[in-house]
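In: What follows is a predicted protein model with its sequence.
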Amino acid sequence: MCGRFAFYSPSEATAALFGVNDSLPVEPRFNIAPTQYIAAIRKTADNAELVMLRWGLIPFWAKDPSIGNRMINARAETVAEKPAYRAAYRKRRAVVLADGFYEWQRDGAVKTPYYISLASGEPFALAGLWEQWDDKESGESIQSATLITTAANEFMQSLHHRMPMILNPDSASRWLAGDMTMIETASQDSPPLQAWPVAREVNNARNQGEQLIEAVGEKRVG
């Protein structure tokens, strides 16, 4: 599962790495949580665009948008068949901009938060899907997204059995173009990662600030 992540690099420069020259004000955040809006790139008829999407996908057929609160992740193994995701998987891909994500390692009754980022320290993208939900009565419209998760690679297995599908600029282009084969090797194709324990302050989604990603223990590099 991927339930928290961070994106604090300049959004315009990061989007340019992925071939998008849009300018969109994105506040640096170190503790992004479900139901908040996240910076993402999606294809348009002519090119691609940088947009803000609500984290937690609301299927277009949903009667109530609250269903999105529990649909923050889609499993790579079943995303092509699940009714909530299969249409978006075929037609509405997105890549979500990130600098790192959090995972909690369990040791008995204790869960220690870790911050995971690329070993290079560069920003990256997370594979996702987006959807538009329209309320036929009120006219309200919400564009939302989910993140694709896959089985953990060797590096991540000591922290958790799942991990988000991480993309570089080249693989992000393939994902947005609708490549149907990428999820088969998603964990193996992940770039080298690094991780370190952080303070439990990150457990509270209301907490923000650069101190959340500061190491409080030994760094691991894979």
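Out: In hand now; what should we look at?

In: pLDDT value on the residue of the chain most remote from its centre, please?
Out: Centroid-distance maximum for the chain: Glu137 at 31.1 Å, with Cα atoms, centre = their mean. Per-residue pLDDT puts Glu137 at 80.

In: Just say helix, strand or coil for it.
Out: What DSSP: H, G, I helix; E, B strand; the rest coil gives for Glu137 is coil.

In: what do you get for Ala16?
Out: Going by three-state DSSP, the state assigned to Ala16 is helix.

In: Tell me the spacing between the residue farthest from the centre of the chain and Lys63.
Out: In this view, Glu137 and Lys63 are 11 Å apart by Cβ to Cβ, to the nearest Å. Quick note: C-beta positions are derived from backbone N, CA and C, even for glycine.

In: now swap in Asp107 and tell me
Out: Counting by Cβ to Cβ, the gap from Asp107 to Lys63 is 42 Å.

In: Please identify which of the two sits among more neighbours.
Out: Lys63 (10 against 7; other Cβ atoms under 10 Å).

In: who's in contact with that one?
Out: By Cβ atoms under 8 Å, 6 or more residues apart in numbering, the contact list for Lys63 is empty.

In: would Ala6 count as being in a helix?
Out: No - counting by three-state DSSP, Ala6 is located in no helix; its state is strand.

In: and it, how many residues sit next to it?
Out: Neighbours of Ala6 (other Cβ under 10 Å): 23.

In: Please apply the same query to Ser66.
Out: With other Cβ under 10 Å as criterion, Ser66 counts 11.

In: Give the helix, strand or coil label for it.
Out: Taking three-state DSSP, the label given to Ser66 is helix.

In: could you check the distance from it over to Thr185?
Out: 35 Å.

In: So Met165 sits against Glu77, correct?
Out: No - at 11.4 Å, Met165 does not count as touching Glu77 under the criterion of Cβ atoms under 8 Å.

In: what sits in contact with each of the two?
Out: 150, 183.

In: So between those two, which is more surrounded?
Out: Between Met165 and Glu77, counted using other Cβ under 10 Å, Met165 has the larger neighbour count: 25 against 14.

In: Just read off the phi/psi values of the closest residue to the more buried one other than its chain neighbours.
Out: Using Cβ to Cβ, 6 or more residues apart in numbering and skipping residues adjacent in sequence, the residue nearest Met165 is Ala127, 3.9 Å away. In terms of degrees, to the nearest 10, the main-chain angles of Ala127 are phi -70, psi 140.

In: This completes my enquiry, with thanks.
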